[in-house]
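**Q** Sequence and predicted structure, then a few things I'm wondering about:
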Amino acid sequence: MKINCTLSLIIVFLLCSFATSAQGDKQTHTVRAKETLFSIAKQYNITIDELTVANPFLSDGLKTGQTLTIPIKNKAPQPVKPIVENGTKISHIVESRETKFGIAKKYGITVTELERQNPGILQSLPVGYKLMISTGGQVLKSPPVVEKPKPTITELMTVKSSSEPTIQSSKPVIRGGFANYEVKPKETMFSLTQMFDITEQELIKLNPELISGVKIGMILKVPGKGSIIMEPVKPFEDLSKSISSKDKKQLVLLMPFNASRITGDSLKSLTTRLKTESFLNMTLEFYAGALMAIDSAKALGLNIDVRILDSEESKMSSNVNNLVQNFNLKKADVIIGPFYQQYAEKVAELLNSENIPVISPLSKESGKAFSNLYQAMPSQENAKRAMFEFMLSKGGNIIVVNDPKKAANRDFITQNYPQALFAELDANGNINAEKLKLMFDKDKMNYVILDSERTGMILNTTNILLNEMATFKLQLVIIEPNETLDFEEISMKRLTILKLLYPSLTRENNTPEAQQFKEDFRKKNKIYPSQYAIRGFDITFDSMLRLSQEKPFEMSAAENKTEQVESKFDYVKKDSEGFINKGIYILQYEEDLSVKQAN
């Protein structure tokens, strides 16, 4: 494999400076919109107290754009070694923000057993309290550190599963009870339900593609006599098992290094920029992940030349026009980048006549449509649709607790999922408990969508659900990230009991390979991989594998559903408008604090 980088010296300088800025006893973090002290402290595995001590100005509040000093511990955090007393008795000093549930989980016992052994904590759990814990005759060498799972899980892996995917070679024919029907012009969901004497929910259950609306020419499964051809579920495929290296391919990475701005910078001034410019940090992190993917591709023997060019992007300008003209990008097989959506669209437009795939790696925006443009990031709307599609596929009773401030979500649900029921709020905007309970169905799973960031509404709703779990089948759902759930006021225990269900762009991955990926990245880059580094690996490696198949890239995108480190790629052709990635995971909390994919 050949790597042709026209910016090699500058990139080496950048990466060295990037690694240097993260070493020593401190690093910096630029505060982004909607971040909180809690989320930042969790990101760097420190306490809020440590964060505020390092940044005294935080007494005036956290503000977007601030540069925070992040204390770094000289050694990797080690699991706490419990003190063994009286044979199998262990003493544990309660620390700030610890909970009974977390401590019980740490030592492998239940909360009830923890309280039985320590009656002094029945009413509360004071910081500094000394617990005496018996582990049933076994001395724990090093209890695992248990962290509260978050809606975005970014644990990693590089080694794919060795199990072969099950692929159906033909479409099974199911006879009797159903028939095919082709949608005619001007037909609507309502007219179809009337024609076949079926409810909208039943029709969507038979035809999940109707989630995106009724379209002319669709072949639907409907009640009636005859035969129906069922499409097999597209399995995940390991493309590393079907590599073809006979034809050399060319991959181009358009990275916004903005080298012209740094050629005269000293190491000191560049280090300062790394501390303050989040976009430059994001670029370097993505690039570091891409380099890991290139190394993995080398190990597989992929026959690909990689060119790395500076797109010189900012919100106001870019160098993409010159790159397309002067670097013969019409000969490329796939282009990853630029980062800004408008420039990815511009490159796709310039190369549309050659049908060269252009992958927009990070943007969730949808702007101009081009047949050769691939949106690698699933949109928030697709995440919401995937959540509803899952609930409808289970035949669930969908109830929405919608905050008046979430008018956009209410409109989205009303327009696309009229079968969803909205809970009534009182004059103060609070949930009406009695009327909510009347909406539950004893014969179905009741999916209660909590569409609010107000702590009071969250607590009230979950209290109602917890009280009714003995009578009804209930599961708590969110359709978009909700930072309020990360705060201590919302007990983790109630979320796990209610098996919080949510859509995610990433998956839970606790395999040994995941930890090995993190360690390999750390050894190479002196820091652990961020979400952007992981994204750089996933998109680059997935694209290189698709390039290395017998079939064209476009056909692989349409036919092959893949999983990489933390993401999956399920590209869908939008008529003549290019491809979007519908690779959404539906995850749920478990009572043992794990997060797993919902069945």
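**A** Arrived safely. Numbers count the residues shown, from 1 in each chain.

**Q** only C-alpha atoms for contact and neighbour calcs from this point on.
**A** Will do.

**Q** how does the protein divide into domains?
**A** As recorded under automatic domain parsing, the domains making up the chain are 83-134, 173-229, 244-377+511-583, 381-504.

**Q** count of neighbours near Y528?
**A** Residues within reach of Y528, counting by other Cα atoms under 10 Å, total 15.

**Q** Surely it touches Q515?
**A** No: assessed by Cα atoms under 8 Å, Y528 is found out of contact with Q515, at 10.5 Å.

**Q** so who does E480 touch?
**A** With contact taken as Cα atoms under 8 Å, 6 or more residues apart in numbering, E480 is in contact with 380, 383-384, 502-503.

**Q** Which of those lies at the shortest distance from N560?
**A** Closest approach between the contacts of E480 and N560, by Cα to Cα: A383, at 20.0 Å.

**Q** What does the pLDDT read for that closest one?
**A** With respect to pLDDT, A383 has a value of 93.

**Q** Would you mind identifying the next helix or strand past the helix or strand hosting it?
**A** Following DSSP states H and E, one finds A383 within helix 380-393. Sequence order places strand 397-402 as the next helix or strand after helix 380-393, per DSSP H and E.

**Q** And that next one, what does it pack against?
**A** strand 421-422, strand 445-451 (3 or more Cα pairs under 8 Å, 6 or more residues apart in numbering; DSSP states H and E).

**Q** I would like the residues contacting the helix or strand following it, please.
**A** Per DSSP H and E, the first helix or strand lying C-terminal to strand 397-402 is helix 407-416. Residues outside helix 407-416 that contact it (Cα under 8 Å, 6+ apart): 211, 402, 420.

**Q** list the contacts for the first one?
**A** I take that to be I211. Going by Cα under 8 Å, 6+ apart, I211 touches 204, 385, 389, 416.

**Q** try the second one
**A** Contact partners of N402, counting by Cα under 8 Å, 6+ apart, are 410, 422-423, 449-452.

**Q** Kindly report the same for the last one.
**A** The contact partners of A420, taken as Cα under 8 Å, 6+ apart, are 397-400, 413-414.

**Q** okay if I get the contacts of E480 as TSV plus distance to S353?
**A** Shown next, in TSV, are the contacts of E480 (distance: Cα to Cα, whole Å):
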residue	distance to S353
Q380	30
A383	32
K384	34
Y502	40
P503	36
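
**Q** hmm, which two among those residues are most spread apart?
**A** Longest span within the contacts of E480, Cα to Cα: Q380 and Y502, 12.0 Å.

**Q** Who has more neighbours out of these two?
**A** Neighbours of Q380 and Y502, each counted by other Cα under 10 Å, are more numerous for Y502; the result is 25 against 18.

**Q** The more buried one is in what secondary structure piece?
**A** Using DSSP H and E, Y502 maps to strand 501-504.

**Q** packing partners for that strand?
**A** helix 380-393, strand 473-477, strand 585-589.

**Q** can I get the ones you listed in a markdown table with distance to R535?
**A** Listed next are those as a markdown table, based on distance: least, Cα to Cα, whole Å:
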| stretch | distance to R535 |
| --- | --- |
| helix 380-393 | 17 |
| strand 473-477 | 26 |
| strand 585-589 | 16 |
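
**Q** In contact with L291, which residues?
**A** Residues in contact with L291 (Cα under 8 Å, 6+ apart) are F537.

**Q** Now do the SS call for it.
**A** Judged by DSSP: H, G, I helix; E, B strand; the rest coil, the three-state class of L291 is helix.
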